[in-house]
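1. take this sequence and fold it.
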Amino acid sequence: HDYLIAEMLRSQVLNLSLRACATSSQLASTARYASTDSDKLFDKVLIANRGEIACRVIKTCQRLGIKTVAIHSDVDADALHCKMADEKVLVGTAPSNDSYLRMDRIMAAIEATGAKAVHPGYGFLSENKDFAQLLAANDVEFLGPGELAIEIMGDKIASKKCAEDAGVNIIPGFPGLVESVDHAIELANDIGYPVMLKASAGGGGKGMRVAWNDDEARDGYRLSKQEALASFGDDRLLIEKFIDQPRHIEIQVLADKFGNAIYLNERECSIQRRNQKVVEEAPSMFLDDTTRKAMGEQACSLAKAVNYHSAGTVEFLVDSKRNFYFCEMNTRLQVEHPVTELITGVDLVEQMIRVGAGLPLSLKQSDVKIDGWAVESRVYAEDPVKYLPSTGHLHEYIEPLHVDGVRVDTGIYEGSEISMFYDPMISKLVTHGKDRAEALARMETALDHYVIRGVKNNIPLLRDIIQQPKFIEGDISTNFLAETYPDGFPGFVLTDVQLRQLMSAAVFAYTDRLLADQAFVDEKINSRPFYNADLAVTVNGEVQNVVVTLQDNAMKLQFDDEQVVLDNVEFDYANPVVEATANDVPFSVQLLSQQPNSIHLSMFGTDFEVAVRTQLEQRCFEILPEKKERKADNYVATPMPGTLISLNVNEGDTVFEGQEIAVVEAMKMQNQLLAPRAGKIKKIYVKAGETLDDGELIVELEDEGNSDE
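-> As a prediction, this is how the structure comes out:
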């Protein structure tokens, strides 16, 4: 019964979300450049994908009156895209190569449901020419480009040659394949370091490594080949000059089957880690009108050179002088497409469907404008400090849809499972404003009000990025994260003002609970009596004394050197978000849990355990013996669930600190596990090829006192 009620409530929230998207400026294409009743589209579309992109395609199909078919693996049977679609078809087990990549089973689903077109989304089979050919052979429309464009643009060597022939600027590099590790080192020295080794097939940051010397080229060759083979089934590599301090700026193109091609401005995608985008925006602060036009025209020339039709993206690297160089063309809908939709009012999925149905584009180049600013944050289930994926059950999930200008593209809901088998993206959180400042302000508010419980997430990193002075100024490059966090992201660090806000919220929660307990025991006690107390508040091991006075709908907190007046508090145990003002400055926190003397809060996405005690309790607490922590540097364990690709030591081996012990593949990314210190391998617990659970031990080192080294 409780489950049914929860599902009904979730359905109401989902319907509200869909209505909001359809009636706001977020999908302004419902009024601008939209298809009419006279346009002949498809009766039924199958979405050969999962997660947020499948849900995104379904939303447009619903608006156009097109029925949808979802495919799913066994673990995705209750996924959101299956709930939203008109029909769903099981295509296999959890691993992608037994479900979402099984062309034979997808073709069977098409035949069984009578779908006349297939939208591939991104990833999986979206850039697979064999799949496009198979659909064409069975008279099913592939909602993407033709096989020729997929084949040429999917091969980085062929695409580079095609781009050069089409008059597009290209990066210096070797025109052929890298034959061996020795060949890679030879080529790197000929081109000149730094160089980038990258997979000839595919994209998305997989199979890419930057090398600054021979040793890094050797390691990069090995790891890139392994990632490329795991991700694309093709371990061919190419090598090219790495442009230092570049911006990653891409151009969205649209083309139809009548030879028309237009560009829908640019997206700034320079905030990246491991060559995967983290924060995107449109337009770019860096481009002027002349450069934008030149990049757009070159992108359209490339599209026409391969008879491109559908939506596609041409990626460029742009140096500090606005020189731009072709990087690759993605022959699919990009993850970050919402920012383009918000500033242009064009529904890209609708245009892909129109083109697939044989209709011309519903707009021309002169119709393309820039309306305001849009920012997208990719919200992932991952540890933002360790940059490792997190799996688990979402036991609480509330999207910040009440914030103006917010769009959330997601494939999950409260109760969903974040699986080790697929990309750990939770959602794409997008904000739109009249200018960049408003879009960023809305993003700050949205991130602070986004409730995600059950898995770790990267909101602390996203929140920190958008408040960095260089980001606000637009002084960014693809090295932004490495330069901003040279020792890795340390977690969100509170200012003194923010720390006082956090402590004030904790004291309020402590006092509110105390007074509520008093009122429960004795109904004669007013729920808000005059109250004062001498308290001690502990955050991150630091203790501050505070005298608290509660009176006249406000709380006064006297710290050692400052008084804070807390008022305008919006606090309800049914809603984890607490809003208040401290000395007339508004702020918000999330109340995660509360014990008598321990308040677990989240501020700017970062969790804090705040202890609130009376000063007498604090003195007693401080004289208790401290529990000693167990040393953890005797072990190497996997920090995430995955497959042990290689184990590079044997029992009895002597290793040095930082030596590669093993490589674990998780979500198609190769992760090196290094020795925490020098020592001798005492015991090996697993074998290469085994599937590992989160935290599973791989090797144990001898105690330092027992080691020969």
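2. identify the residue spatially nearest to residue 467, adjacent ones excluded.
-> residue 444 (7.2 Å; Cβ to Cβ, 6 or more residues apart in numbering). Yep, even glycine has a C-beta here, placed from its N, CA and C like the rest.
3. from residue 384, how far off is the one you found?
-> Residue 444 is 16 Å from residue 384, where distance means Cβ to Cβ, to the nearest Å.
4. so between those two, which is more surrounded?
-> residue 384 (26 against 16; other Cβ atoms under 10 Å).
5. could you check which helix or strand contains the residue nearest in space to the middle of the chain?
-> With distances taken as Cα atoms, centre = their mean, the residue of the chain nearest its centroid is residue 378 (3.1 Å). Per DSSP states H and E: residue 378 is located in strand 373-380.
6. test my guess that residue 508 contacts residue 568.
-> No. Assessed by Cβ atoms under 8 Å, residue 508 is found out of contact with residue 568, at 11.6 Å.
7. what do these two both touch?
-> Here residue 508 and residue 568 share the contacting residues residue 580, scored by Cβ atoms under 8 Å, 6 or more residues apart in numbering.
8. more crowded one of those two?
-> Just comparing residue 508 and residue 568: by other Cβ under 10 Å the higher neighbour count belongs to residue 508, 23 against 12.
9. now do residue 246, the pLDDT please.
-> If you check residue 246, the pLDDT there is 91.
10. same question, the one 4 residues further on
-> Residue 250 is assigned 98 on the pLDDT scale.
11. do the one 4 residues further on as well
-> Looking at residue 254, its pLDDT stands at 98.
12. element containing it, please.
-> Using DSSP H and E, residue 254 falls in strand 247-255.
13. cool, and residue 293?
-> Going by DSSP H and E, residue 293 is in helix 289-305.
14. which residues sit against that helix?
-> Contacts of helix 289-305 (Cβ under 8 Å, 6+ apart): 149, 162-163, 165-169, 249, 251, 253, 255, 259, 261-263, 265-266, 283, 287, 308, 312, 314, 316, 318, 322, 324, 326, 329.
15. quick check: the closest residue to residue 539 other than its chain neighbours vs residue 624, distance?
-> Leaving aside its sequence neighbours, residue 539 sits nearest to residue 610 (Cβ to Cβ, 6+ apart; 5.3 Å). Going from residue 610 to residue 624 by Cβ to Cβ gives 19 Å.
16. same thing with residue 686?
-> 39 Å.
17. ok, residue 491 - contacts?
-> 384, 385, 460, 606.
18. now do residue 535
-> Neighbouring residues of residue 535 by Cβ under 8 Å, 6+ apart: 507, 510, 545, 546, 547, 548, 612, 613, 614, 615.
19. which of the three states applies to it?
-> Following DSSP: H, G, I helix; E, B strand; the rest coil, the label given to residue 535 is strand.
20. so what's it closest to, chain neighbours aside?
-> residue 546 (5.2 Å).
21. need the pLDDT of the one you found.
-> 94.
22. tell me which residues touch it, please.
-> Per Cβ under 8 Å, 6+ apart, neighbours of residue 546: 503, 507, 534, 535, 536, 537, 557, 558, 559.
23. identify the residues contacting the first one.
-> Meaning residue 503. Per Cβ under 8 Å, 6+ apart, neighbours of residue 503: 537, 539, 544, 546, 557, 610.
24. make sure residue 123 is actually in contact with residue 49.
-> Yes. Counting by Cβ under 8 Å, residue 123 touches residue 49, with 7.1 Å between them.
25. the two - which one has more neighbours?
-> Neighbours were counted for residue 123 and for residue 49 using other Cβ under 10 Å; residue 49 has more, 26 against 23.
26. of the contacts of residue 546, grab the buried ones for PyMOL.
-> The command below creates a PyMOL selection of those among the contacts of residue 546 that count as buried (16 or more other Cβ atoms under 10 Å):
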select buried, resi 503+507+535+536+537+557
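27. in the contacts of residue 546, find the pair that's most separated.
-> 503 and 534 (14.5 Å; Cβ to Cβ).
28. residue 686 and residue 624: who's more crowded?
-> residue 686 (16 against 7).
29. ok, the more buried one - contacts?
-> 644, 647, 692, 696, 697, 698.
30. can I assume it sits in a strand?
-> No. Residue 686: not assigned to a strand; according to three-state DSSP it is coil.
31. roughly how far apart are it and residue 644?
-> 6 Å.
32. which neighbours do those two have in common?
-> Contacts common to residue 686 and residue 644, judged by Cβ under 8 Å, 6+ apart, are 692, 698.
33. now the helices for the stretch 351-500 of the chain?
-> All helices of the stretch 351-500 of the chain, identified by DSSP state H, counting those that start in this stretch, fall at 436-449, 459-465, 469-473, 480-484, 496-521.
34. just name the most buried of those helices.
-> Across the helices of the stretch 351-500 of the chain, averaging neighbours per residue (mean count of other Cβ atoms under 10 Å) puts helix 459-465 on top, at a mean of 24.
35. run through the neighbouring helices and strands of that one.
-> strand 276-282, strand 373-380, helix 436-449, helix 480-484 (3 or more Cβ pairs under 8 Å, 6 or more residues apart in numbering; DSSP states H and E).
36. off-centre distance for stretch 595-604?
-> 27 Å (Cα atoms, centre = their mean, to the nearest Å).
37. check stretch 609-616 too.
-> 37 Å.
38. repeat for stretch 49-67
-> Stretch 49-67 sits 20 Å away from the centroid of its parent chain (Cα atoms, centre = their mean).
39. what comes up buried for it?
-> For stretch 49-67, by 16+ other Cβ under 10 Å, it's 49-64, 66-67.
40. can you check stretch 134-147 too?
-> 134, 135, 140, 141, 142, 143, 144, 145, 146, 147.
41. can you redo those as TSV with secondary structure and pLDDT?
-> As requested, these are arranged in TSV below (DSSP: H, G, I helix; E, B strand; the rest coil; pLDDT from 0 to 100):
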residue	secondary structure	pLDDT
134	helix	97
135	helix	97
140	coil	97
141	strand	97
142	strand	98
143	coil	98
144	coil	96
145	coil	97
146	coil	95
147	helix	94
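42. with respect to residue 76, which of these is nearest?
-> Nearest to residue 76 among the buried residues of stretch 134-147 is residue 143, at 21.1 Å by Cβ to Cβ.
43. residues touching the one helix or strand residue 70 maps to, excluding its own?
-> Using DSSP H and E, residue 70 sits within strand 67-73. With contacts defined as Cβ under 8 Å, 6+ apart, strand 67-73 is touched by 43-50, 54, 57-58, 61-62, 79, 81-82, 84-96, 98-100, 105-106, 109-110, 113, 115, 421.
44. which element follows that strand toward the C-terminus?
-> helix 80-84.
45. mind listing what the helix or strand that comes right after that next one pairs with, with the direction of each?
-> Downstream of helix 80-84, the first helix or strand assigned by DSSP H and E is strand 87-92. Counting by DSSP bridges, the strands paired with strand 87-92 are strand 67-73 (parallel).
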